[in-house]
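K.L.:
Structure for this input, please:
(one chain, ligands or ions: 3)
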Amino acid sequence: MDIQFVAADAALGEKSALAIVVFEGEAASVQGGAFAKAMAGARFTGAKGQTLDVLAPAGSDAARVVLVGAGKAADFDVMGAETAAASAYAAVKTSGLTTLRVVLPGADAAKAARAAFGVRLAAYRFDKYRTKEAAEKKPSVVKTEVVTAEADAAVTAFADLAALADAISFSRDLVSEPPNVLYPAEFAKRVKQLEELGLEVEILGEAEMMKLGMGSLLGVGQGSIRESQLAILKWNGADDKKAQPIAFVGKGVCFDTGGISIKPADNMEHMKTDMGGAAAVSGLMHVLAGRKAKVNAVGILGLVENMPDGNAQRPGDVVTSMSGQTIEIINTDAEGRLVLADAVWYCQQRFKPKFMVDLATLTGAIIIALGDDVGGLFSNNDELSGNLLAASNAEGEPLWRMPLPAQYDKNIDSMIADMKNTGGRPGGSITAAMFIQRFVNGVPWAHLDIAGTAWKKPSTVPTIPEGATGFGVRLLNRMVADKYEG
Ligand code: BES
Ligand code: MN
Ligand code: ZN
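P.N.:
Ligands and ions are numbered 1, 2, ... in the order given. The predicted structure follows:
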């Protein structure tokens, strides 16, 4: 998508759609009341999310005019600008027109930049495997012009947002890729390519992880012909290159069949998204490098495939994690926590981070608890939780803090080992989080269970088209920018 910031009187090109963003209650007076009748006849009030096609007024060069509701003027903020522009794009994307011009009321540089960002997010599409899509079904809009009197400042404000949109697209692509294409080594290869942005990327294979004693992670990948990988992404953007880093760890189960505790066939294809945590961490590292964030950060990805096979791990097996703690496998489908156990331990041992946040599509139970719009936040630290919640709020990626009640910890005690990998159905996301907590060694830690939020179908907001959401990239990027840079 080509993005431009233009003055109100810039000539409108051929094949342009004009989107006029209007406020609720003030809609009827737009353009001297020219559209009042059309609005009344369509119950268009300017409420958030409404769109209405109207006839282009005489003398207008626009091939099409769309009104976009933005809700009450008093509530209109940068987020409002973002979603209104995304709605405008959604309304005209397959119109056959090639340019979208967005006119926002009071479009200062910040709002104009966020409008452009909204269009970038809304225009995300994963279509590389389609060979026969009819031309009229394909998006035709390739250029967006956002009207603002502060074009130069908008270009500057948009630079970091463009880096964020690129990173979210990267993350969404990883989640969207089919599992025969994106297996652990291929995932590792794609993040290795981020070295072009200035990241340092190390990849460990099974032999190296064996030496480190990562029996918990390796047990999960044991039934797969694909080699398990650990990816370590480093961004050293702080002035003090030796400053203690912040750390992010992602569950990267490239496909989760459940293993020997195999999942039912219905919807199993969805388990290609079980690397959503690793994709979010990759997206975060992408944007930190892309906008040259003044912070030292590491991202650790535990990349495996959970398959049933003659060599696969069995229920009843006992594995020894890198921490030395032993784990009795009760259910091979509770594999994410096994991957994270070694990944978080490695992260702390090697990097001694200021804090550590892990992201994982960890449990079906979090979807039962919070649905698919809200992620579960678990943490041993109120300050880190507060920072995550504030960022989540600001970016429209909702989180809800869940408890870690000490008395539930015994639910994962094992008869024969230090712990077992499931704690039963009650509070399933909590005992999963408490399993990870047993591998947290005194650092401030938070765990985000994004099983519900990593994928969205159908789409409910225009900035998140149906499919992979990239959930987590925005909120983590915001938290870093607001609290840990400079
Ligand atoms: N990857 C799944 C969790 C999941 C479910 C993600 C639905 C996205 C959508 C995870 O590995 C899993 O299978 N969890 C089990 C744990 C159980 C066996 C203790 C679950 O939630 O049922
Ligand atoms: Mn599973
Ligand atoms: Zn899983």
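
K.L.:
ok, whatever residue of the stretch 201-350 of the chain ends up closest to ligand 2 - how many residues close by?
P.N.:
Nearest residue of the stretch 201-350 of the chain to ligand 2, counting by CB to the ion: residue 333, 3.8 Å away. The C-beta positions use only the backbone N, C-alpha and C, and glycine is treated the same way. Per other CB atoms under 10 Å, the neighbour tally for residue 333 reads 20.

K.L.:
my guess is it contacts residue 268, does it?
P.N.:
No - Residue 333 is beyond contact range of residue 268, at 11.2 Å (criterion: CB atoms under 8 Å).

K.L.:
Show me which residues of the chain sit near ligand 1.
P.N.:
Contact residues, the chain versus ligand 1 (CB under 6 Å from any ligand atom): 256, 274, 331, 333-336, 361, 363-365, 422, 428, 451.

K.L.:
From residue 480, how far out is the closest residue to ligand 3 within the stretch 301-450 of the chain?
P.N.:
Proximity of the stretch 301-450 of the chain to ligand 3 (CB to the ion) peaks at residue 336, 4.5 Å away. Between residue 336 and residue 480 the distance is 24 Å, computed by CB to CB, to the nearest Å.

K.L.:
Mind checking which of those two has more residues around it?
P.N.:
Neighbour count, other CB under 10 Å: between residue 336 and residue 480, residue 336 has more, with 30 against 23.

K.L.:
Could you count how many residues lie near the residue of the stretch 101-250 of the chain found nearest ligand 1?
P.N.:
Closest residue of the stretch 101-250 of the chain to ligand 1, CB to the nearest ligand atom: residue 220 (9.6 Å). Residues lying near residue 220 (other CB under 10 Å) number 29.

K.L.:
Just confirm it is within a helix.
P.N.:
Yes - secondary structure assignment places residue 220 in a helix (DSSP: H, G, I helix; E, B strand; the rest coil).

K.L.:
Could you give the bridge partners of whichever residue of the stretch 201-350 of the chain sits closest to ligand 3?
P.N.:
Closest approach of the stretch 201-350 of the chain to ligand 3 (CB to the ion) occurs at residue 256, with a separation of 3.7 Å. Note on residue 256: beta-bridge partners by DSSP bridges are residue 306.

K.L.:
got the residues of the stretch 201-350 of the chain near ligand 3?
P.N.:
Contact residues, the stretch 201-350 of the chain versus ligand 3 (CB under 5 Å from the ion): 253, 256, 274, 336.

K.L.:
what's the average pLDDT for stretch 15-28?
P.N.:
In this model, stretch 15-28 has an average pLDDT of 94.

K.L.:
what about it, start to end distance?
P.N.:
Stretch 15-28 has its terminal residues 27 Å apart, counting by CA to CA, to the nearest Å.

K.L.:
Show me the helices in the stretch 301-450 of the chain, by range?
P.N.:
Secondary structure of the stretch 301-450 of the chain (DSSP state H, counting those that start in this stretch): helices at 336-351, 365-370, 382-395, 428-437.

K.L.:
Out of these, flag the one nearest residue 69.
P.N.:
helix 382-395 (22.2 Å; CB to CB).

K.L.:
quick one: buried residues of the closest one?
P.N.:
The neighbour-count check on helix 382-395 (16 or more other CB atoms under 10 Å) flags 384, 385, 387, 388, 389, 391, 392, 395 as buried.

K.L.:
thought the third one was touching residue 478?
P.N.:
No - here residue 387 does not reach residue 478: they are 9.5 Å apart, not a contact under CB under 8 Å.

K.L.:
Quick one: classify residue 131 as helix, strand or coil.
P.N.:
Taken by three-state DSSP, the conformation at residue 131 corresponds to coil.

K.L.:
should've said residue 21
P.N.:
Residue 21 ends up strand, using three-state DSSP.

K.L.:
number of nearby residues for it?
P.N.:
So residue 21, with other CB under 10 Å, has 27 neighbours.

K.L.:
Spit out the contact partners of it.
P.N.:
Counting by CB atoms under 8 Å, 6 or more residues apart in numbering, residue 21 makes contact with 68, 69, 70, 81, 84, 85, 88, 102, 103, 104, 105.

K.L.:
From ligand 3, how far out is it?
P.N.:
Applying CB to the ion, to the nearest Å, the value for residue 21 to ligand 3 is 41 Å.

K.L.:
What is the least confident helix or strand in the chain by mean pLDDT packed up against?
P.N.:
In the chain, the helix or strand scored least confidently by mean pLDDT, DSSP states H and E is helix 36-40, which has a mean of 92. Judged by 3 or more CB pairs under 8 Å, 6 or more residues apart in numbering; DSSP states H and E, helix 36-40 is in contact with strand 51-54.

K.L.:
Now the element after the strand it packs on, going C-ward?
P.N.:
strand 64-69 (DSSP states H and E).

K.L.:
Have a look at the protein and report its longest helix.
P.N.:
Using DSSP state H to define each element, the chain has its longest helix at helix 151-176.

K.L.:
can you give me the helices for the stretch 1-150 of the chain?
P.N.:
Using DSSP H, counting those that start in this stretch, the helices of the stretch 1-150 of the chain run over 36-40, 78-92, 109-122.

K.L.:
just these: most buried one?
P.N.:
helix 109-122 (a mean of 26; mean count of other CB atoms under 10 Å).

K.L.:
So what touches that one?
P.N.:
In contact with helix 109-122 (CB under 8 Å, 6+ apart) are residues 1, 3, 5, 78-79, 81-90, 93, 100, 102, 104, 107, 144, 146-148, 150-151, 153-154, 156-158, 161-162, 164-165, 168, 462-465.

K.L.:
Show me just the buried residues among these.
P.N.:
The neighbour count (16+ other CB under 10 Å) marks 1, 3, 5, 78-79, 81-90, 93, 100, 102, 104, 107, 144, 146-148, 150-151, 153-154, 157-158, 161-162, 164-165, 168, 462-465 as buried among these.

K.L.:
May I see the buried residues of stretch 346-355?
P.N.:
Across stretch 346-355, burial judged by 16+ other CB under 10 Å covers 346, 347, 348, 351, 353, 354, 355.

K.L.:
residues contacting the residue of the stretch 201-350 of the chain closest to ligand 3?
P.N.:
Counting by CB under 8 Å, 6+ apart, residue 256 touches 263, 271, 274, 306, 333, 335, 336.

K.L.:
Just name the closest of those residues to residue 315, please.
P.N.:
Out of those, the member with the shortest distance to residue 315 (by CB to CB) is residue 333, at 9.5 Å.

K.L.:
so who does the closest residue to that closest one other than its chain neighbours touch?
P.N.:
Closest residue to residue 333 apart from its sequence neighbours, by CB to CB, 6 or more residues apart in numbering: residue 258 at 3.8 Å. Going by CB under 8 Å, 6+ apart, residue 258 touches 306, 308, 332, 333.

K.L.:
rerun at 7 Å
P.N.:
306, 332, 333 (CB atoms under 7 Å, 6 or more residues apart in numbering).

K.L.:
Equivalent analysis for residue 139, please.
P.N.:
93, 94, 123, 125.

K.L.:
Just the buried ones among those, please.
P.N.:
By 16+ other CB under 10 Å, those give 93, 123 as buried.

K.L.:
For ligand 3, state which of the contacts of residue 139 is nearest.
P.N.:
Minimum distance to ligand 3 across these is 26.3 Å, recorded for residue 125 (CB to the ion).

K.L.:
for the closest one, phi and psi?
P.N.:
The phi/psi pair for residue 125 (degrees, to the nearest 10) reads phi -160, psi 140.
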